[in-house]
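Student: Turn this into a structure:
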Amino acid sequence: MLHVHVTAKTITLGEGGLLGFVDPWRGILVCDILGRKPEHYLPLPEHLIRLDKLFDEPLFLRDIAFVNGRLTLVEMHRNTSYPDRSLNRLSWEVSTWSISSPWGGQDGWQMDYRINTSSIVVDDGTANVDLLSKLQDNGATHASASLG
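Tutor: The predicted structure follows:
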């Protein structure tokens, strides 16, 4: 089997010289740049590994960051569970996964959240524009909407 790692981003893993070279389709090469521990490979959860996505841009659909002492992966994809395919393009799902440590003694990848937009209801009386954050003038530039 061909093993390929295509680094799409590099992240710091806390303090102390730990770096993660992230392939969002397959896993993370973890390196201690101070040389205290040997490098090792941390694969993503098995069902998220995509060997068929060698040259696709992964950061459109996935991202990985070190947040509050945990490696956190966010994935977004279109919902394909509807029998009526015309509804599939209107719905998407976001899930987050995390793991406590890139080293031994870890708790394994755990799903933290899953949100499906088909389960979010906004009634007709809601002004959707009011759900967006307001532009603020920072004193240096004129605040204006960029799309209209």
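
Student: now for the helix or strand hosting residue 114, which elements pack on it?
Tutor: Using DSSP states H and E, residue 114 sits in strand 110-116. In terms of contacts (3 or more Cβ pairs under 8 Å, 6 or more residues apart in numbering; DSSP states H and E), strand 110-116 is packed against strand 92-99. Glycine gets a C-beta too; all of them are placed from N, C-alpha and C.

Student: Describe which strands the strand it packs on pairs with in its sheet and in which direction.
Tutor: strand 70-78 (antiparallel), strand 110-116 (antiparallel) (DSSP bridges).

Student: about what we covered before: and the contacts of the strand holding residue 114?
Tutor: Contact partners of strand 110-116, identified using Cβ atoms under 8 Å, 6 or more residues apart in numbering, comprise 72, 79, 91, 92, 93, 94, 95, 96, 97, 98, 99.

Student: Which pair of these spans the longest distance?
Tutor: Greatest spatial distance in the contacts of strand 110-116: 91 and 99, 28.0 Å, computed using Cβ to Cβ.
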